[in-house]
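1. Starting from these lines, generate the structure:
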Amino acid sequence: MGKKYNAAIEKIDTTKQFKLQEAIDVVKQFAYTKCDESVDLAIKLGVDPRKSDQMVRGTVVLPHGTGKKVRILVFAKGEKAKEAADAGAEYVGAEDIVEKIKGGWLDFDKTIATPDLMGVVSRIGKILGPRGLMPNPKTGTVTFDVGKAVKDIAAGKVDYKTEKAGIVHVPIGKVSFDNKKIYENARTVLDAILKAKPSASKGKYLRKLSISSTMGAGIVVDVSDITL
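-> Numbering: from 1, shown residues only. Predicted coordinates for the structure are as follows:
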């Protein structure tokens, strides 16, 4: 890491656990780059995601959005294609888009597909899947209600899913957001994850929580401060 990062770290007590609101203030105070960094939550859960009955995943609409312009691609035809375009999708198509992606084009952030086109989309599953771009019914991105799906994503809908180590990473805004907006976005995510606790999860569910900017250090949040 660079000198600015090291200088910022030296001013932070990395052994201390902060209340969520305090942690947000520290993250904003020590974001040192000129760009408007994202603010992210890292949540360690007491689950084993290798077991299907302990997988925690879902979607939530952040009340204040992520602050990022999301480029949405919709696989649809006919009236549904028009509906997607009218709702604000940047790209809409079917076989033509599949061929374009096979050629290496990936200038989009989220994908939606109508159910009847999933057979077409599956041809590029090996490209989209590893990048987390494959439409999925569980996240509401395989649907005939494409207009609503596009608007939800544009408004700040984010996905969350436990990774192998039982950690969930979720973006909750930008450093330029005021503290209240970041806090409300964070609480929205945390409340959704707490409510999604699998019945098979035993012992302490919320194990560890930290918040950071894209280039900043993780600030540890006191999990006892987090309740529904």
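
2. mind listing what residue 106 touches?
-> Contacts for residue 106 (C-beta atoms under 8 Å, 6 or more residues apart in numbering) come out as 127, 131, 133. From N, CA and C alone the C-beta is placed, and that goes for glycine too.

3. Distance to residue 100 for the residues you listed - can I get that in TSV?
-> Written out in TSV, the entries for those read as follows (distance: C-beta to C-beta, whole Å):
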residue	distance to residue 100
127	11
131	15
133	14
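
4. which of those has the most neighbours?
-> Of the contacts of residue 106, residue 133 is surrounded by the most neighbours, 19 neighbours in total, counting by other C-beta atoms under 10 Å.

5. Now, the contacts of residue 106 that are in helices?
-> Secondary structure of these is defined by DSSP state H; positions in helices are residue 127.

6. Go through the contacts of residue 106 and say which is closest to residue 69.
-> Using C-beta to C-beta, the shortest approach to residue 69 within the contacts of residue 106 belongs to residue 133, at 16.6 Å.

7. Just to check, that closest one is in contact with residue 107?
-> No: because the distance of 11.5 Å does not satisfy C-beta atoms under 8 Å, residue 133 is recorded as not touching residue 107.

8. Tell me the one among the contacts of residue 106 nearest to residue 17.
-> The shortest gap between residue 17 and any of the contacts of residue 106 belongs to residue 131, at 34.3 Å (C-beta to C-beta).

9. Quick check: beta-bridge partners of the residue nearest to residue 75 when sequence neighbours are not counted?
-> Nearest in space to residue 75, with sequence neighbours left out and distances taken as C-beta to C-beta, 6 or more residues apart in numbering, is residue 113 at 3.9 Å. Partner residues in beta bridges with residue 113: residue 75, residue 142, with DSSP bridges as the criterion.

10. mind checking how far residue 113 is from residue 175?
-> Taken as C-beta to C-beta, to the nearest Å, the spacing of residue 113 relative to residue 175 amounts to 34 Å.

11. Tell me which of those two has more neighbours.
-> Under the criterion of other C-beta under 10 Å, the comparison of residue 113 against residue 175 puts residue 113 first, with 26 against 21.

12. if I pick the more buried one, what's in contact with it?
-> By C-beta under 8 Å, 6+ apart, the residues touching residue 113 are 74, 75, 76, 121, 135, 141, 142.

13. pLDDT weak spots in the chain?
-> When the per-residue scores of the chain are filtered using pLDDT under 70, the ranges that remain are 1-14, 32, 228.
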